[in-house]
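Participant: no sequence for this one, just the structure:
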C-alpha cells in the first residue's frame, strides 16, 4: 500500500480556557477560514485515533521522556463511528518539527493489515526513510492500546502555503487491550480531566498551531498578543497516564481483557 508523506511542519501546543479560545477565534477571523472538511452548517468534526504500542510501551515512554526523535503509530478515522475510509499513519517528531506518513484504506480492509508474515521484518531507520504503518506494527509487535476521541474545530490560513489552527475539545479515551475492532459503546468512553488547568471534569481546550518550518509573523503576533505559554500535551500519553493511575483515576491493566 503506497503511503503519502506529508511535509515537515512546526507544531506548537497550548492548553487554554474556553474564554481564550473565543478570543483567539475572533482574532484569526481575517487570517484563517474554517477547514473545508467541516460539514456546512457545523463548526467542527469528530476525530478518532486508535494508538498502537509495544508490550513495554516504547512509544509512550519515548514521548513521556521527550526523546528528541520519536514517533507514534495510530489509525485515524472521522465521525462518531467509523465508516467508509480509515487512515493508518505514523506521526514522526523531531523536537517541534513533525511529519506524517499515512494512506487511506477502505474500512473493510482494515483487518488485513494484521494478517501478514513476520519473515520480512527489518530495522526501521527513522533518519533515512519513512516506514509504513503495517511495517512498524510488524517489526515492533505493536498492539492497539488506546482509543482517543475528540471534537476538533479547525481553521486554515489563506496567507501562507500551509498554516493550521485547531481547537480540540471533549477529549475522551478508552483502553482497547489489543482489539482492532473500531466499534465501541459510548459508555466505554472516559473523559479527560486536566488537574493543571481545570478543577472540574470538563476537558481543557487544546490549541494547536501548525505551520511550515518558517513561522510567519501572524503566528508570532498571535502568541505575543495572548501571552501563550507552550505546553506539551500528548493526548496519547495523557490517556495512558490516566489508565496507569498517574492522574488519580485508579490503576487498571492496559493489556488484561478481564
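Facilitator: Everything's here; your move. All figures in this text were calculated on a predicted structure; none of them were measured in a lab.

Participant: can I assume residue 108 sits in a strand?
Facilitator: No. According to DSSP: H, G, I helix; E, B strand; the rest coil, residue 108 belongs to no strand; its state is helix.

Participant: Can you tell me which helix or strand of the chain has the lowest average pLDDT?
Facilitator: One helix or strand of the chain scores below all others by mean pLDDT, DSSP states H and E: strand 4-5, with a mean of 67.

Participant: Stretch 53-62 - what's its average pLDDT?
Facilitator: Mean per-residue pLDDT for stretch 53-62: 95.

Participant: do the same with stretch 31-47
Facilitator: Across stretch 31-47, pLDDT averages out at 95.

Participant: who's in contact with it?
Facilitator: If you take Cβ atoms under 8 Å, 6 or more residues apart in numbering as the criterion, stretch 31-47 is touched by 76, 78-80, 149-159, 163-165, 168-169, 218. In this view, the C-beta of every residue, glycine as well, is placed from N, C-alpha and C.

Participant: ends of that stretch, how far apart?
Facilitator: Counting by Cα to Cα, to the nearest Å, you get 24 Å between the two ends of stretch 31-47.

Participant: Now it: buried residues?
Facilitator: By neighbour count on 16 or more other Cβ atoms under 10 Å, the buried set for stretch 31-47 is 31-32, 35, 44-45, 47.

Participant: which pair in the residues you listed spans the largest distance?
Facilitator: Farthest pair in those (Cβ to Cβ) is 31 and 47. Separation: 22.9 Å.

Participant: elements contacting the longest strand belonging to the chain?
Facilitator: Selection of the longest strand in the chain by residue count, based on DSSP state E, yields strand 143-157. Packing contacts for strand 143-157, counted by 3 or more Cβ pairs under 8 Å, 6 or more residues apart in numbering; DSSP states H and E, involve strand 32-34, strand 45-53, strand 163-175, helix 235-243.

Participant: mind listing what that strand pairs with, with the direction of each?
Facilitator: strand 32-34 (antiparallel), strand 45-53 (antiparallel), strand 163-175 (antiparallel) (DSSP bridges).

Participant: returning to what we had before: and of the helices and strands packed on strand 143-157, who's closest to residue 94?
Facilitator: Set against residue 94 and scored by Cβ to Cβ, the helices and strands packed on strand 143-157 come closest in helix 235-243, at 17.5 Å.

Participant: And that closest one, how far out from the chain middle?
Facilitator: Centroid separation for helix 235-243 versus its chain: 12 Å, with Cα atoms, centre = their mean, to the nearest Å.

Participant: Same question for stretch 155-162.
Facilitator: Put simply, stretch 155-162 sits 21 Å off its chain's centre (Cα atoms, centre = their mean).

Participant: Between the two ends of it, what distance do you get?
Facilitator: By Cα to Cα, the extent of stretch 155-162 from end to end equals 11 Å.

Participant: Let's have the helices and strands packed on strand 143-157 in a markdown table, adding distance to residue 101.
Facilitator: Listed next are the helices and strands packed on strand 143-157 as a markdown table, based on distance: least, Cβ to Cβ, whole Å:
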| stretch | distance to residue 101 |
| --- | --- |
| strand 32-34 | 26 |
| strand 45-53 | 14 |
| strand 163-175 | 18 |
| helix 235-243 | 17 |
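
Participant: out of those, nearest to residue 68?
Facilitator: Of all these, helix 235-243 comes closest under Cβ to Cβ, at 16.1 Å.

Participant: where does the stretch 151-258 of the chain have low pLDDT?
Facilitator: Applying pLDDT under 70 to the stretch 151-258 of the chain picks out residues 193-203, 246-258.
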